[in-house]
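S.K.: Test case, fold it:
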Amino acid sequence: MVRSVVIAGGGTGGHIEPAMALADALRQIDPDVRITCLGTERGLETKLIPARGYALDLIPAVPLPRSLSPALLSVPGRMAGAVSAAVEVLDRAEATVLAGFGGYVATPGYLAARRRRVPIVVHEANSRPGLANRLGAQLTGHVFTGQPGTKLPHAAFIGIPIRREIAGLDRLALSETAREHFGLRPDLPVLLVTGGSQGAASLNRAVLGAAESIMSVGVQVLHIIGPRTGGAAGTPRGSVPYVTIEYLDRMDLAYAAADFALCRAGAMTCAELTAVGLPAAYVPLPHGNGEQRLNALPVERAGGGLIVDDASLSPEWIRTVLLGVLLDHQLVASMSQAAASIGSRDADVQLASRVLEVSDSAGRRVPGGRAPGGQVSGGRAFGGQVPGGPVSGGQVSGGQVPGGGQVPGGQVPGSQPSGGRHRGSHRGGSR
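M.R.: Just a heads-up that it's a prediction; the model follows:
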């Protein structure tokens, strides 16, 4: 039987990256698995998913208004159309399981899978689940979380799937090569500053404002400023390197070059830094539902990081607090070990194995949308059919990624990192 997995994860990188990590792990375990990604035209998936070599089917986006407004009246009709479009994708793919990661695309995906009795697997990366995954968790018993203690029915904690080049990163082994790549010295500590793919103005202002003090004590900076900040004009100059980059897609090299990070506290950022054992000062976004602070709390409690409010982040805080930590080599080494102790390097393989188990237990879906066994019991039924005629979604063909061989025991080959070992100048200056 050919396994056919439809993956619903789009909108932001926080939904797309774990979805792509799952797809890669599925391909590693079963090179013959059929993978179809579900997305909308509004998200980053239209660029990121085809670039990774996976087929993408588009359905209409149905954002839910956050307040009572006339726009709320149009939601049922638009949702029905999106569900019908998702049903078409499931039928074309002959889906044996749907794996959802939340976001705009997940809700119609879950409802379409329910209509067609395709088994559902839900993964929630954040401590506070979104609306789509709260719905999805009511429709299945297969619910997995990236944070311990996330409140969803049937939830089991496994961590967040991350890219294999990061999950298998040996920071110590790659450190010298990474520093040479960025033009950094091998004998001085490196502070990595990143606000995510779009940058963060408050982080940029604080670090640039403290640049002279940072370099004066022999700390190098690798600063990913973001693409919307007007380039690298005004980069501090001196005998100690301060490197600015607008955008970087090789974060494995950045992590290998760094000794400490100053960053936001998105779920993927926390997952990647703890997986590689890189300690950090986390600056949660000052708006939203507070999920970024919750993402970073387990790291802080374990001793692998600090949390500083966005309003408190300033050049003075960097001078008086952060530099004191950075220059305490034993403390940084201890924080590195603590961060690595709570990191997860195999969540991609764990989730892929469970998705394939669910697919196998359902058997091949017969024409007409009925699957043997239907949904796993345990969730509340979402009653009734969702009406609506078919709405065609655009097809973005990205092909399929050639897979590797069967991975014995569900493990992905790769070198094991020295997660908690601290490197560079914090081991006496030798690299």
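
S.K.: Just say helix, strand or coil for Ala338.
M.R.: Following DSSP: H, G, I helix; E, B strand; the rest coil, the label given to Ala338 is helix.

S.K.: What about it, how many residues nearby?
M.R.: Per other C-beta atoms under 10 Å, the neighbour tally for Ala338 reads 20. Any C-beta I mention is one placed from the backbone N, CA and C, and that applies to glycine too.

S.K.: Only the buried residues of stretch 141-148, if you could.
M.R.: Neighbour-count burial for stretch 141-148 flags Gly141, His142, Val143, Phe144, Thr145, Gly146, Gln147 (criterion: 16 or more other C-beta atoms under 10 Å).

S.K.: so where's the stretch 201-350 of the chain shaky on pLDDT?
M.R.: 228-234 (pLDDT under 70).

S.K.: Which residue ranges of it form strands?
M.R.: 220-224, 242-245, 260-263, 280-282, 305-307 (DSSP state E, counting those that start in this stretch).

S.K.: Export those strands as a markdown table, with columns for mean neighbour count and distance to Thr274.
M.R.: Below are these laid out as a markdown table (neighbours: other C-beta atoms under 10 Å; distance: least, C-beta to C-beta, whole Å):
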| stretch | mean neighbour count | distance to Thr274 |
| --- | --- | --- |
| strand 220-224 | 25 | 19 |
| strand 242-245 | 18 | 23 |
| strand 260-263 | 24 | 11 |
| strand 280-282 | 26 | 9 |
| strand 305-307 | 21 | 8 |
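
S.K.: Output the ones you listed as CSV; include the columns distance to Gly43.
M.R.: Formatted as CSV, these follow (distance: least, C-beta to C-beta, whole Å):
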stretch, distance to Gly43
strand 220-224, 22
strand 242-245, 24
strand 260-263, 23
strand 280-282, 25
strand 305-307, 29
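
S.K.: Can you check which of these gets nearest to Ala137?
M.R.: strand 280-282 (27.0 Å; C-beta to C-beta).

S.K.: can you give me the strands for the stretch 51-200 of the chain?
M.R.: All strands of the stretch 51-200 of the chain, identified by DSSP E, counting those that start in this stretch, fall at 55-58, 97-100, 120-124, 143-145, 155-157, 190-194.

S.K.: Let me know which of these is tucked in deepest.
M.R.: strand 97-100 (a mean of 30; mean count of other C-beta atoms under 10 Å).

S.K.: Which strands border that one, and is each parallel or antiparallel?
M.R.: Within its sheet, strand 97-100 is paired with strand 4-8 (parallel), strand 120-124 (parallel), according to DSSP bridges.

S.K.: Okay, domains of this protein per the record?
M.R.: Annotated domains of the chain cover 4-164+345-400, 170-344+416-427 [automatic domain parsing].

S.K.: State the number of residues packed around Leu111.
M.R.: So Leu111, with other C-beta under 10 Å, has 23 neighbours.

S.K.: Of all the strands of the stretch 201-350 of the chain, which one comes closest to Arg3?
M.R.: Using C-beta to C-beta, those put strand 260-263 closest to Arg3, at 36.8 Å.

S.K.: That closest one - contacts with which helices or strands?
M.R.: strand 190-194, helix 201-209, helix 267-276, strand 280-282 (3 or more C-beta pairs under 8 Å, 6 or more residues apart in numbering; DSSP states H and E).

S.K.: ok now do Leu38, which residues does it touch?
M.R.: Shown in contact with Leu38 (C-beta atoms under 8 Å, 6 or more residues apart in numbering): Val6, Ile7, Ala8, Gly9, Gly10, Leu56, Asp57, Ile59, Ala86, Val89, Val105, Gly109.

S.K.: that older thread, save the buried residues of stretch 141-148 as a markdown table, and put in pLDDT too.
M.R.: As requested, the buried residues of stretch 141-148 are exported to a markdown table (pLDDT from 0 to 100):
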| residue | pLDDT |
| --- | --- |
| Gly141 | 96 |
| His142 | 98 |
| Val143 | 98 |
| Phe144 | 98 |
| Thr145 | 97 |
| Gly146 | 95 |
| Gln147 | 91 |
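
S.K.: out of those residues, who's nearest Ile245?
M.R.: Nearest member of the buried residues of stretch 141-148 to Ile245, counting by C-beta to C-beta, is Gly146, at 27.4 Å.

S.K.: For Leu131, see how far away the closest one is.
M.R.: Between Gly146 and Leu131 the computed distance is 17 Å (C-beta to C-beta, to the nearest Å).

S.K.: Need phi/psi at Leu351.
M.R.: phi -70, psi -40 (degrees, to the nearest 10).

S.K.: Surely it is in contact with Ile158?
M.R.: Yes - Leu351 is within contact range of Ile158, at 6.1 Å (criterion: C-beta atoms under 8 Å).

S.K.: what about the two, which has more around it?
M.R.: Leu351 (25 against 18).

S.K.: Look at the more buried one and report its pLDDT.
M.R.: At Leu351, the model reports a pLDDT of 98.

S.K.: Quick check: it vs Gly109, distance?
M.R.: 16 Å.

S.K.: same check, this time on Asp57
M.R.: 10 Å.

S.K.: So which residues of the stretch 1-150 of the chain form helices?
M.R.: Along the stretch 1-150 of the chain, counting by DSSP state H, counting those that start in this stretch, helices occupy 13-29, 45-51, 75-93, 106-116, 131-137.

S.K.: So what's the gap between stretch 208-225 and the chain middle?
M.R.: 28 Å (C-alpha atoms, centre = their mean, to the nearest Å).

S.K.: start to end distance for it?
M.R.: 10 Å (C-alpha to C-alpha, to the nearest Å).

S.K.: Quick check: Leu184 touching Ala257?
M.R.: Yes - the criterion here is C-beta under 8 Å, and Leu184 meets it with Ala257 at 5.9 Å.

S.K.: more neighbours, the two?
M.R.: Ala257 (26 against 23).

S.K.: got a list of what that one touches?
M.R.: Ser175, Ala178, Arg179, His181, Phe182, Leu184, Val190, Leu192, Leu222.

S.K.: Nice, that's everything, thank you.
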